[in-house]
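# have a look at this prediction, sequence included:
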Amino acid sequence: MLENEVLHKIAEENNLKNPKFSRLTGGDINDVFLITSEEKKQVVKINNAEKFPGMFEAEKAGLEALQKPNAIDVPNVLGIGEITNTAYLLIEFRESAAKNKDFWTTFGKQMAALHKTTSKEFGFHRDNYIGSLPQRNNAFTSAADFYISERLEPQLKMAKDRGYELEVPQSFFRNISAIIPDEKPALIHGDLWGGNYLVNAQGNPCLIDPATAFAPREMDLSMMQFFGGFDKELFKTYKEEFPLESGFEDRIPLWQLYYLLVHLNLFGAGYKPQVTSILKQFS
């Protein structure tokens with residue numbers, strides 16, 4: 001079925017009258033469109049259901065989990081389904097405005113509130129994706145065990161399977177187990193870089209495209225410093241609202257290792273030197 005036919009079928013399934021479609025930018029894995037109908041504007045993401053099984057069900061679960069504590073703006077999921085091997089996710093459209101004058105302070109307070117949402121165990125009630133790669137979320141009671149077993153080891157194995165020779169001595173896992181803080185699980189976005197938040201009509205932050213889990217909160221804060229783009233006022237406010245364990249700055253490369261491995265497996269050998277350097281640093 002042609003793309004335009006699929007979009008019209010999605011609109012029909014969700015009772016959207018006289019829809020008009022326009023492609024939105026920013027979708028690396030999915031095709032993203034704005035649907036303007038008589039009722040409202042909505043965003044639809046589509047992809048190959050066989051290539052990315054369960055991706056949108058996982059994203060729906062992540063968005064709903066992030067919404068639940070009412071800590072920060074997250075779009076509502078309005079529909080989900082599959083049409084002739086094309087999966088789709090229909091979500092609220094957020095009108096955008098300029099950042100308000102307290103944007104970064106608000107963002108810091110809201111991220112702290114989100115991270116204070118906790119669980120008995122690390123993990124999530126379902127596996128999901130980080131970008132286009134599968135992300136496991138089995139339950140663990142230890143932050144270090146969760147990070148090693150559910151984050152680092154799957155990506156290290158994938159890298160090895162793809163031909164990247166990485167030296168990972170056992171001392172590395174012992175050393176990082178000793179320095180990862182023994183904190184409660186935090187509800188994290190999981191893939192929070194500058195492209196995964198919007199500025200809503202009120203000038204406040206809105207989170208999209210999550211890789212949600214109950215995980216070490218320092219993962220979000222380290223990912224936010226991976227590409228930059230987040231003002232220092234955000235981190236200052238966050239630390240005032242929810243102080244970090246001592247030594248966080250020294251641990252940032254350790255948390256960024258996961259995201260570097262993801263980039264190595266997605267985009268190639270250009271990320272190998274950084275991965276190798278961090279493995280040596282903590283071995």
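The structure has been received and is ready for your questions.

# how many neighbours does D220 have?
21 (other C-beta atoms under 10 Å). No exception for glycine: its C-beta is placed from N, CA and C like everyone else's.

# residues in contact with it?
111, 115, 186, 188-190, 192 (C-beta atoms under 8 Å, 6 or more residues apart in numbering).

# all strands for the stretch 151-283 of the chain, in order.
For the stretch 151-283 of the chain, the strands defined by DSSP state E, counting those that start in this stretch cover 186-188, 197-199, 205-207, 213-215.

# now the third one, how far from the centre of its chain.
So that's strand 205-207. 12 Å (C-alpha atoms, centre = their mean, to the nearest Å).

# just to revisit the earlier point, which one of the strands of the stretch 151-283 of the chain lies closest to N175?
N175 lies closest to strand 213-215 among those, at 19.8 Å (C-beta to C-beta).

# please identify the helix or strand for V44.
strand 41-48 (DSSP states H and E).

# surely E59 touches Y88?
No: with contacts counted by C-beta atoms under 8 Å, E59 stays clear of Y88, the gap being 11.2 Å.

# any common contacting residues for the two?
K45.

# about what we covered before: can you redo the contacts of D220 as JSON lines with pLDDT?
Listed next are these as JSON lines, based on pLDDT from 0 to 100:
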{"residue": "M111", "pLDDT": "98"}
{"residue": "H115", "pLDDT": "98"}
{"residue": "A186", "pLDDT": "98"}
{"residue": "I188", "pLDDT": "98"}
{"residue": "H189", "pLDDT": "98"}
{"residue": "G190", "pLDDT": "98"}
{"residue": "L192", "pLDDT": "98"}
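
# would you reformat those residues as TSV and include distance to V74 and neighbour count?
As requested, those are exported to TSV (distance: C-beta to C-beta, whole Å; neighbours: other C-beta atoms under 10 Å):
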residue	distance to V74	neighbour count
M111	13	29
H115	15	26
A186	16	24
I188	13	25
H189	9	27
G190	13	26
L192	12	22
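
# ok, of these, which one's closest to A211?
G190 (3.4 Å).

# residue contacts, the closest one?
62, 130, 135, 210-213, 215, 219-220, 223.

# out of these, list just those in helices.
Those of the contacts of G190 mapping onto helices are 62, 219-220, 223, per DSSP state H.

# what are the buried residues along the lengthiest helix in the chain?
Taking DSSP H as the criterion, the chain has its longest helix at helix 248-267. For helix 248-267, burial by neighbour count (16 or more other C-beta atoms under 10 Å) applies to 248, 251-252, 254-265.

# contacts only, for L279.
Applying C-beta under 8 Å, 6+ apart, the residues contacting L279 are 166-168, 172, 257.

# what do you get for V77?
By C-beta under 8 Å, 6+ apart, the neighbours of V77 are 60, 63-64, 89-91.

# what's the angle from the helix or strand bottoming out on mean pLDDT in the chain to strand 41-48?
Lowest by mean pLDDT, DSSP states H and E among the helices and strands of the chain is helix 3-13, with a mean of 90. For helix 3-13 against strand 41-48, the angle by axes from the mean of the first three to the mean of the last three C-alpha atoms, to 10 degrees is 120 degrees.

# the helix or strand following helix 3-13: partners in the sheet, and parallel or antiparallel?
Following helix 3-13 in sequence order, the next helix or strand is strand 20-23 (DSSP H and E). Strand 20-23 sits in its sheet next to strand 31-36 (antiparallel), going by DSSP bridges.

# give me the contacts around the strand it pairs with.
3, 7, 10-11, 16, 19-26, 41-47, 90, 93.

# write the PyMOL selection for whichever of these are buried.
This is how PyMOL selects the buried members of the contacts of strand 31-36, with burial counted by 16+ other C-beta under 10 Å:
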select buried, resi 7+10+11+16+19+21+42+43+44+45+46+47+90+93
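
# where in the chain is pLDDT low?
1, 26-28 (pLDDT under 70).

# let me see the domain layout of it.
3-92, 103-281 (automatic domain parsing).

# endpoint to endpoint, the first one covers what distance?
With C-alpha to C-alpha, to the nearest Å as the measure, the first residue of domain 3-92 is 21 Å from its last.

# chain center to it, what's the gap?
The answer for domain 3-92 is 17 Å, by C-alpha atoms, centre = their mean.

# cool, and the last one?
With C-alpha atoms, centre = their mean as the basis, the distance from the averaged C-alpha position of domain 103-281 to the chain average is 9 Å.

# pull up the distance across that domain, start to finish.
35 Å.
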